[in-house]
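>>> sequence unavailable; structure follows:
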């Protein structure tokens, strides 16, 4: 779906909210299983949670994150192009690649933010006004430890009945990340007043600051 159509729908339908519905934006509990904070080389996490503009905008404000890139994951390199991914038949999801300092923020904390404010993990193959498998909720573990921690956290959230609906987040290890076109990078920061961003994504960034003040960075990463 082309995002300009979504913008038109948002402007024409005041009752429609593309941001996370209030009853679904929860502060998820801290993960019971997590990697301890420790000095070491920068680590990478790859998450998908709907339009990459908003997910990038959230994670670039997390203390300990050094860079965030919008891109595609789940499909082949040859189809990692915005217009093609938008058809919904490539296997790709709009995703973000997060580089972070493991001495300052843990992988489990990043998962907690993803589930709490970055997206609604109970929406199947859609997020807000955007529909299609390219907007699915997905996690792309970069190693065996991330796979184990992700499975444990989803099981924890499911057992706690954190949301009224079922978590539909897919776990997709072994699938490369491909950076999106340059005009998608830092899009929220460059276009804070664009209607789609203002309606769908700025509330997520504000929720991060309100709900996780100790993790908030006044200076965006990158």
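Arrived safely. As the structure is a prediction and not an experimental result, all values here were calculated from the model.

>>> C-alpha from now on. contacts and neighbour counts both.
Noted.

>>> where along the chain do the helices fall?
3-12, 52-59, 82-85, 107-113, 144-159, 187-190, 195-196, 202-211 (DSSP state H).

>>> so which of these gets nearest residue 181?
Evaluated with CA to CA, the helices of the chain place helix 82-85 nearest to residue 181, the distance being 7.5 Å.

>>> buried residues in that closest one?
Judged by neighbour count using 16 or more other CA atoms under 10 Å, the buried positions of helix 82-85 are residue 85.

>>> one step back: just tell me which of the helices of the chain ends up closest to residue 130.
Using CA to CA, the helices of the chain put helix 3-12 closest to residue 130, at 7.0 Å.

>>> thinking again about what came up before, including mean pLDDT and distance to residue 138, could the helices of the chain go into JSON lines?
Formatted as JSON lines, these follow (pLDDT from 0 to 100; distance: least, CA to CA, whole Å):
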{"stretch": "helix 3-12", "mean pLDDT": "39", "distance to residue 138": "20"}
{"stretch": "helix 52-59", "mean pLDDT": "98", "distance to residue 138": "12"}
{"stretch": "helix 82-85", "mean pLDDT": "98", "distance to residue 138": "15"}
{"stretch": "helix 107-113", "mean pLDDT": "98", "distance to residue 138": "11"}
{"stretch": "helix 144-159", "mean pLDDT": "98", "distance to residue 138": "11"}
{"stretch": "helix 187-190", "mean pLDDT": "98", "distance to residue 138": "21"}
{"stretch": "helix 195-196", "mean pLDDT": "97", "distance to residue 138": "22"}
{"stretch": "helix 202-211", "mean pLDDT": "97", "distance to residue 138": "18"}
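
>>> want to throw those helices into JSON lines with distance to residue 66?
Formatted as JSON lines, the helices of the chain follow (distance: least, CA to CA, whole Å):
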{"stretch": "helix 3-12", "distance to residue 66": "28"}
{"stretch": "helix 52-59", "distance to residue 66": "10"}
{"stretch": "helix 82-85", "distance to residue 66": "25"}
{"stretch": "helix 107-113", "distance to residue 66": "13"}
{"stretch": "helix 144-159", "distance to residue 66": "19"}
{"stretch": "helix 187-190", "distance to residue 66": "16"}
{"stretch": "helix 195-196", "distance to residue 66": "26"}
{"stretch": "helix 202-211", "distance to residue 66": "17"}
